[in-house]
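Novice: After the sequence you'll find the predicted model.
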Amino acid sequence: MFGCITTLIHIPTTHQPPTTTKPTKPISAITPPTTTEIRVCTNRTCRRQGSTEVLQVLQGITPPTISVTSCGCLGRCGSGPNLVVLPSETFVSHCGTAARAADVMGIVCGVDSVSCKKSLDALMVRKQAEVQMEKGEFVMAEMLLSQAIDLNPIGGLHYIYKNRSIARLAMNKTTAALEDAVEASTIAPKYPEAYICKGDALMAMEQYEAAADSYSTALELDPSIRRSKSFKARIAKLQEKLAILQIADS
């Protein structure tokens with residue numbers, strides 16, 4: 001089922017190719033859910049072979065319990081794109097297509113090829129919905145995102161619910177938008193954008209103190225958003241609303 005995965009070795013302690021090769025082991029030997037991280041080489045050679053696209057696919061379908069990041073050279077240049085599954089230190093070569101990336105994620109998560117295919121389909125539908133959102137076509141985006149949720153992908157559901165929350169809020173479906181934001185934060189408690197969406201929905205519902213709590217949670221999870229113009233605008237609007245409430249109560 002997973003014949004697309006080839007050449008698995010124990011990763012060396014340096015970035016140089018190992019002088020001796022460990023006996024190969026099948027990636028299916030990994031026992032789910034032990035994997036906590038997948039690192040994808042985005043060095044020049046692997047990048048030319050499509051590792052950037054593979055990284056994006058893996059990030060789009062990964063469960064929130066598994067971190068997918070880029071890294072430097074893993075050795076074995078020319079047999080890439082290469083990635084390593086941690087903490088088992090299982091090295092995977094020739095992972096150059098979306099289908100192969102999904103196979104790796106499927107094995108890591110302990111699911112079958114049908115689930116892998118559905119996860120790729122859900123990612124594709126989500127990307128289509130994002131295009132519709134950029135056009136302001138929120139009704140179509142909501143429909144597509146609902147289809148993506150129904151596919152029950154391996155991971156990435158928190159992104160889908162977050163996007164649908166944005167679409168629904170733009171359609172003035174504030175209660176539904178809040179429900180989706182809460183669902184996104186439940187699936188991925190460390191995903192700051194879920195709390196931003198939750199805060200936005202609460203602002204629309206004039207629940208300003210609750211919105212402040214959500215924005216604060218997002219800031220705690222990702223302090224860098226403090227410098228974001230959009231986040232600054234949210235806080236300025238929130239402070240304005242809170243000031244009006246204080247005046248009314250005085």
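Specialist: The structure has been received and is ready for your questions. All figures in this text were calculated on a predicted structure; none of them were measured in a lab.

Novice: Going by the annotation, which residue ranges form each domain of this protein?
Specialist: Under automatic domain parsing, the residue ranges defining each domain of the chain are 6-109, 121-249.

Novice: Give me the average confidence score over the shortest one.
Specialist: Domain 6-109 shows a mean pLDDT of 79 in the predicted model.

Novice: swap in the longest one?
Specialist: Per-residue pLDDT over domain 121-249 has a mean of 97.

Novice: How far away from the center of its chain is that domain?
Specialist: When C-alpha coordinates are averaged (Cα atoms, centre = their mean, to the nearest Å), domain 121-249 and its chain have centres 15 Å apart.

Novice: so residue 154 makes contact with residue 110?
Specialist: No: with contacts defined as Cβ atoms under 8 Å, residue 154 does not count as touching residue 110, sitting 9.7 Å away. Bear in mind the C-beta positions are built from the backbone N, C-alpha and C, glycine included.

Novice: For this protein, which segments are assigned as helices?
Specialist: Taking DSSP state H as the criterion, the chain carries its helices at 44-48, 51-61, 98-109, 113-134, 138-150, 157-170, 174-187, 192-204, 208-221, 229-249.

Novice: Which of those helices sits closest to residue 82?
Specialist: With respect to residue 82, and counting by Cβ to Cβ, the nearest of the helices of the chain is helix 44-48 at 5.7 Å.

Novice: Sort out which residues of the closest one are buried, please.
Specialist: Along helix 44-48, the positions that meet the burial threshold by neighbour count (16 or more other Cβ atoms under 10 Å) are 45-47.

Novice: Quick check: chain neighbours aside, which residue is closest to residue 178?
Specialist: The shortest distance from residue 178 to any residue other than its chain neighbours is 3.8 Å, reached at residue 201 (Cβ to Cβ, 6 or more residues apart in numbering).

Novice: I should have written residue 206 there, sorry.
Specialist: Distance criterion Cβ to Cβ, 6+ apart; nearest residue to residue 206, sequence neighbours excluded, is residue 241 at 7.7 Å.

Novice: I'd assumed residue 208 was in contact with that neighbour.
Specialist: Yes: using Cβ under 8 Å, residue 241 makes contact with residue 208 at a distance of 4.8 Å.

Novice: neighbour count winner among these two?
Specialist: Ranked by neighbour count (other Cβ atoms under 10 Å), residue 241 and residue 208 place residue 208 first, with 19 against 16.

Novice: how close does that one get to residue 170?
Specialist: When Cβ to Cβ, to the nearest Å is the yardstick, residue 208 and residue 170 sit 20 Å from each other.

Novice: Please produce TSV containing the domains of the chain, extended by distance to residue 115.
Specialist: As requested, these are exported to TSV (distance: least, Cβ to Cβ, whole Å):
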stretch	distance to residue 115
domain 6-109	6
domain 121-249	6
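
Novice: picking up where we left off before, so what's the residue count around the residue nearest to residue 178?
Specialist: When neighbours are defined as other Cβ under 10 Å, residue 201 has 27 of them.

Novice: For it, which residues are in contact?
Specialist: 165, 169, 174, 177-178, 181 (Cβ atoms under 8 Å, 6 or more residues apart in numbering).

Novice: if we can go back for a sec, mind checking which of residue 154 and residue 110 has more residues around it?
Specialist: Remark: of residue 154 and residue 110, residue 154 carries more neighbours, 23 against 15, as counted by other Cβ under 10 Å.

Novice: Give me the nearest residue to the more buried one, chain neighbours excluded.
Specialist: Taking Cβ to Cβ, 6+ apart, and ignoring the residues beside it in sequence, residue 154 has residue 119 as its nearest neighbour in space, at 4.5 Å.

Novice: isn't residue 83 right next to residue 74, touching?
Specialist: Yes: under the criterion of Cβ under 8 Å, residue 83 makes contact with residue 74 at 7.5 Å.
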